[in-house]
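K.L.:
Below are the sequence and a predicted model; questions follow.
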Amino acid sequence: MKKPLILILASALVVQSCKDDCYKAPEPTVFEFVNASGENLIQNGTLTKTKIIVQQDNGNGNFAGIDVEIRDGKKAVLNNVGLFDGTRNYNVYLNTDPIRTFNFKVSSSQLTGDCTGYKINNLTVENITWSSVQGYYRIVVD
């Protein structure tokens, strides 16, 4: 009689600990940079990881750098964007000739339910031509 009870209690603890360990990061923020003709600026070598600088505006003149990862030789993935509850502003500097800058704003919220984490509810780009494509944002750099 004690063995079935112990097995039931052990199973309940495993199920509970799995729920406690459940974390979901927000979908990645991905930018594709193109010129007015639609040519990909990462793929043609105009932009590289070191030429794309992204900063989170923490207010009061404080900024935090955002890691940029180049994926598939075509797109820039911004790591750790949206890991908060609320709205944050970001600045992007493209070290091209001439230097291009634009801003974007992210609104995200904490998940409800069994898992912890965040989801991006809205991303808006300012000061540059852009469009939302399924899974990423296309930024037109003139």
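P.N.:
Thanks, I have it.

K.L.:
Tell me which residue is most central in this structure.
P.N.:
Central residue of the chain (Cα atoms, centre = their mean): residue 29, 3.3 Å from the mean position.

K.L.:
Verify the stated contact: that one with residue 82.
P.N.:
Yes. With contact defined as Cβ atoms under 8 Å, residue 29 counts as touching residue 82 (6.8 Å). Every residue, glycine included, has its C-beta placed from N, CA and C.

K.L.:
can you list residues touching both of these two?
P.N.:
106, 120 (Cβ atoms under 8 Å, 6 or more residues apart in numbering).

K.L.:
for residue 98, what are its contacts?
P.N.:
Residue 98 neighbours (Cβ under 8 Å, 6+ apart): none.

K.L.:
what helix or strand is it on?
P.N.:
Applying DSSP states H and E as the criterion places residue 98 outside every helix and strand.

K.L.:
What's the per-residue pLDDT of it here?
P.N.:
We have a pLDDT of 93 for residue 98.

K.L.:
Same question for the one 5 residues further on.
P.N.:
Per-residue confidence at residue 103 stands at 97 (pLDDT).

K.L.:
which ones are touching it?
P.N.:
Residues near residue 103 by Cβ under 8 Å, 6+ apart: 89-92, 125-127.

K.L.:
In strands only, show me the residues you listed.
P.N.:
Per DSSP state E, strands hold the following members of those: 89-92, 125-126.

K.L.:
Can I get those residues in TSV including pLDDT?
P.N.:
Below are the ones in strands among the contacts of residue 103 laid out as TSV (pLDDT from 0 to 100):
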residue	pLDDT
89	97
90	97
91	97
92	98
125	97
126	97
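
K.L.:
Tell me the one among the residues you listed nearest to residue 75.
P.N.:
Taking Cβ to Cβ as the measure, residue 75 lies nearest residue 92 of those, at 14.1 Å.
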